[in-house]
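**Student:** with the input below, show me the fold.
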Amino acid sequence: MLPESQNAVFFNEGHGYLFVKTLGQGQFGCASLVRSLHNGRLYVRKEELRLSEVYSDHQARTQPSREAQLALKVKDIQNVYKLKGWVRHFSSAESKALEVSYWSLCNLGSMNGVYDAARKYGHRLPEPLLCQWLGSMLKTTIQVQQAGIIHRDGHEGNWLLHAENGRVKVILGDFGCAKLREECTQQQWLSGCRSDFANILQIMCLLCGFTDKGTPISMSQVSSYRRERYSCGFMQVLDVLEAIVQTRPRSTTYLHEQISHCIAMLAQVNRPVDLAGLSYLRPTVPKLEFAPYEQARGVIAKNRASFKNWNIATVSSEYPGRASSIKVLGMPREFHDKYYRKEWGSIYQKFEH
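**Tutor:** Model prediction:
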């Protein structure tokens, strides 16, 4: 039970969101973990500052960002990061625009974090789990390319993990560097398709302990000692995958047929997954489901260049009930005078939940 009331950082977008914590900070924006007042779920809020010259006409102003448009194009693919809503704020002088998007939360973070946790605990990820992940990554990449998109940034930080019903799903995220088929020459498209699969092979080599972060490796360089840790069938799949990505494909269809053969090989060596003892593959929910204002004020001060559309809300003990349980207060004088300018005027937004 929460105290009778607490102050929290509140984003008045969509159904309203409470700030939980900052996930990352970039040059022009930041990513935050937020909680919806509509359904109580956690989401990722990404924002980026842009010049409004990009939106030269009404249609451009009312369209979601490029990353959001690409995500909507592949929204029917199961293991792809889901866009939940987007907002665009324009400054009163119409000189700047703030792109905000809300995304589904993957409760285990990225493969990068799982790799770090496995090394910390001295664990080796079980082969059946790697087989499951590899098959899912290959299948998802084929589906994305069939939708006319090459991802171009499929490193271990952009493959996310979500635990649900005793199973860990692999989710492809961050389409910020992606390109459409019509934006590429034939050579660029085929090279990009092949590169997406080559990235998956390098992630597998990393998770298997064959190499370190940022150090590409050929399967021929993997010692027999390290190969013996895994079954002959699994190693054969990695060898075949390397042979595929090292050869220039005749066509996308031919490349996908070869990759589908790898997926069929994986099905033959796949076994049931046992997650017992792998504590870092169990989802954790923050104990504080929002950050009280007194706790978050330091974060706000540090990221004041990015936090553009926020206010202070009093959260009652009914939380996370109806929006009526949230009372939005004026901003404390110290922050209003020092950091904040009420410059954001017109707004376009669309939410699916």
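**Student:** could you list the low-pLDDT ranges of the stretch 51-200 of the chain?
**Tutor:** Along the stretch 51-200 of the chain, segments meeting pLDDT under 70 span 52-56, 58-59, 91-95.
**Student:** would you map the helices across it?
**Tutor:** For the stretch 51-200 of the chain, helices defined by DSSP state H, counting those that start in this stretch occupy the ranges 58-61, 66-73, 111-121, 127-146, 186-207.
**Student:** ok, and what's touching the second one?
**Tutor:** Here helix 66-73 makes contact (CB atoms under 8 Å, 6 or more residues apart in numbering) with 63-64, 80-83, 86, 101, 103, 147-149, 174-176, 178, 180. Glycine gets a C-beta too; all of them are placed from N, C-alpha and C.
**Student:** of these, buried ones?
**Tutor:** With burial judged by 16 or more other CB atoms under 10 Å, the buried subset of these is 64, 80-83, 86, 101, 103, 147-149, 174-175, 178.
**Student:** which among the helices of the stretch 51-200 of the chain is found nearest to residue 42?
**Tutor:** helix 111-121 (16.3 Å; CB to CB).
**Student:** helices or strands up against the closest one?
**Tutor:** Judged by 3 or more CB pairs under 8 Å, 6 or more residues apart in numbering; DSSP states H and E, helix 111-121 is in contact with strand 159-164, helix 186-207.
**Student:** how far off strand 159-164 does that helix point, in degrees?
**Tutor:** Helix 111-121 runs at 80 degrees relative to strand 159-164, counting by axes from the mean of the first three to the mean of the last three CA atoms, to 10 degrees.
**Student:** helix 111-121 vs helix 127-146, what angle?
**Tutor:** Going by the same axes, to 10 degrees, helix 111-121 makes 170 degrees with helix 127-146.
**Student:** now for residue 178: which residues touch it?
**Tutor:** Residue 178 is in contact with 67, 70, 149-153, counting by CB under 8 Å, 6+ apart.
**Student:** any idea how the protein splits into domains?
**Tutor:** Segmentation of the chain into domains, based on automatic domain parsing, reads 5-106+285-345, 111-281.
**Student:** end to end, how far does the last one reach?
**Tutor:** Distances were taken as CA to CA, to the nearest Å; on that basis the terminal residues of domain 111-281 are 11 Å apart.
**Student:** tabulate the helices and strands packed on helix 111-121 in JSON lines, adding columns for distance to residue 11 and mean neighbour count.
**Tutor:** Shown next, in JSON lines, are the helices and strands packed on helix 111-121 (distance: least, CB to CB, whole Å; neighbours: other CB atoms under 10 Å):
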{"stretch": "strand 159-164", "distance to residue 11": "22", "mean neighbour count": "19"}
{"stretch": "helix 186-207", "distance to residue 11": "33", "mean neighbour count": "19"}
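**Student:** of all these, which one is nearest residue 126?
**Tutor:** Closest approach to residue 126 among the helices and strands packed on helix 111-121 is made by helix 186-207 (10.7 Å; CB to CB).
**Student:** if you count contacts, what does that closest one end up packed against?
**Tutor:** helix 111-121, helix 127-146, strand 149-150, helix 232-245, helix 252-269.
**Student:** assign a three-state SS to residue 47, would you?
**Tutor:** strand (DSSP: H, G, I helix; E, B strand; the rest coil).
**Student:** thank you, goodbye.
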